[in-house]
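Enquirer: generate coordinates for the sequence data below:
(one chain, ligands or ions: 2)
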Amino acid sequence: MRVAFVGKGGSGKTTLSALFTRHLARSGAPVVAIDGDINQHLAHALGLDEDELFAAPPLSARTGEIKDYLRGTNPRIASREAMVKTTPPGHGSRLLRLLGDDEVHSRHVQEVGGVPLMVTGAFAGSDLGVACYHSKLGAVELYLNHLVDGPGEYVVVDMTAGADAFASGLFTRFDMTFLVVEPTRKSLSVYHQYRDHAAEFGIPVAVVGNKVTGADDLAFLRERVGEDLLAHCELSPHVRAQEQGRGSGGLEPHNSRALDRLRAAVDARHKDWDAFQRHAVEFHLRNAAAWADAATGRDLAAQVDPDFRHGPAALPAFA
Ligand SMILES: Nc1ncnc2c1ncn2[C@@H]1O[C@H](COP(=O)(O)OS(=O)(=O)O)[C@@H](OP(=O)(O)O)[C@H]1O
Ligand SMILES: Nc1ncnc2c1ncn2[C@@H]1O[C@H](COP(=O)(O)OP(=O)(O)O)[C@@H](O)[C@H]1O
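Expert: Residues are numbered from 1 along each chain as shown. Ligands and ions are numbered 1, 2, ... in the order given. So this is what the prediction gives:
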């Protein structure tokens, strides 16, 4: 199951992504965390020391190699140059299993605090003015488009704040999107924006309140969010202690129960592989027409394999 955390910067996306993935990993569930936030802090939130380096290469450093690996022997994709981030898999493409024995996981995953983590990479000085952060997210989109995941296993992406989340269709690749909101009007404005986009594309979204300090905060959220409010986390002495490099007695029971609710909401989702592939194709065609045909000098609609059925049934042919 694929889960995204989105929301306004500072709302707690990274903190909740870390708490949620640790919660899942501790239960023994297979999980991969991906840092897709322009501020790459997830490794530290998972417990990497400030002076320690995340040693695995960022996904965005090897987008070309990842394209070559994923296109496999797909005759519709002649080269890595012909493959854009929305190019959907077809016959001959390599499909991935979560934490499978493949070149993406083996190269890019490093375990931090008991959680296997991949990172998209920081926005470098050389990117300023010439690229948008969504270029860094291309490899994440390709990864998700080629992944065959199942119930009880989880990919959790800490997404970048703001409009970059909507570039190219990445936001349609998730079984559940958690919108993290603080009990403030500013934080809610992102909720309204995301909710409208999500409704347009039929994307499942649930709101997670964060840094709630009492009944007034909760009433504020309940009044404005209504039944979209799935759960809320309270302002956490445990999180603060971790931020300060101190030990604590562990996550508070209320916050732990909130994480259980998130998991239950994800587990309740039914996977519809046909719809997933249909969305992928739809966004690929849109991108082809808008910029990618011109960027590659090719007719990218020809990459769509009309006979390909995505999902577990597609796996044996690719083993
Ligand atoms: N949504 C959207 N709209 C307009 N233009 C876009 C969009 N997404 C990507 N681009 C531009 O296309 C170039 C390649 O994009 P990426 O590196 O992100 O990815 S990929 O080619 O799809 O793998 C790259 O341009 P160049 O940097 O000039 O090569 C991107 O800026
Ligand atoms: N429930 C919480 N309790 C206490 N502090 C929190 C909580 N959630 C987030 N924080 C703190 O708020 C700040 C911003 O959180 P962060 O996860 O980095 O936000 P984002 O990823 O949305 O930008 C961090 O200092 C983090 O420790």
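Enquirer: mind checking pLDDT for residue 162?
Expert: If you check residue 162, the pLDDT there is 63.
Enquirer: alongside ligand 2, which residues does the protein contribute?
Expert: With C-beta under 6 Å from any ligand atom as the criterion, the chain meets ligand 2 at residues 7, 9-15, 37, 41, 210-211, 233, 235-236, 239-240, 243. Where you see a C-beta, it was placed from the backbone N, CA and C, and this is true even at glycine.
Enquirer: select only the buried ones of these in PyMOL?
Expert: In PyMOL, a selection of the buried entries from the residues of the chain next to ligand 2 looks like this (16 or more other C-beta atoms under 10 Å):
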select buried, resi 7+11+12+13+14+15+37+41+210+211+233+235+236+239
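Enquirer: helices - which of the residues of the chain next to ligand 2 land there?
Expert: 13, 14, 15, 239, 240, 243 (DSSP state H).
Enquirer: show me the two of those residues that sit farthest apart.
Expert: Longest distance between any two of these is 17.0 Å, between 13 and 240; criterion C-beta to C-beta.
Enquirer: quick one: the strand ranked longest in the chain to chain centroid distance?
Expert: With secondary structure taken from DSSP state E, the chain has its longest strand at strand 205-212. A distance of 17 Å separates the centroid of the chain from that of strand 205-212, by C-alpha atoms, centre = their mean, to the nearest Å.
Enquirer: which residues touch the residue in the stretch 151-300 of the chain positioned nearest to ligand 2?
Expert: Closest to ligand 2 within the stretch 151-300 of the chain is residue 236: 3.5 Å, counting by C-beta to the nearest ligand atom. Taking C-beta atoms under 8 Å, 6 or more residues apart in numbering, we find residue 236 in contact with 251, 252, 255.
Enquirer: now with 10 Å?
Expert: Neighbour list for residue 236: 12, 15, 19, 210-212, 242-243, 248, 251-252, 254-255 [criterion: C-beta atoms under 10 Å, 6 or more residues apart in numbering].
Enquirer: for residue 179, same thing?
Expert: Residues near residue 179 by C-beta under 10 Å, 6+ apart: 4-8, 11, 13, 187-188, 190-191, 193-195, 198, 205-209, 225, 228-230.
Enquirer: 7 Å instead, please
Expert: Residue 179 is in contact with 6, 7, 191, 194, 205, 207, 208, counting by C-beta atoms under 7 Å, 6 or more residues apart in numbering.
Enquirer: so where is the stretch 201-319 of the chain shaky, pLDDT-wise?
Expert: Flagging of the stretch 201-319 of the chain using pLDDT under 70 yields the residue ranges 317-319.
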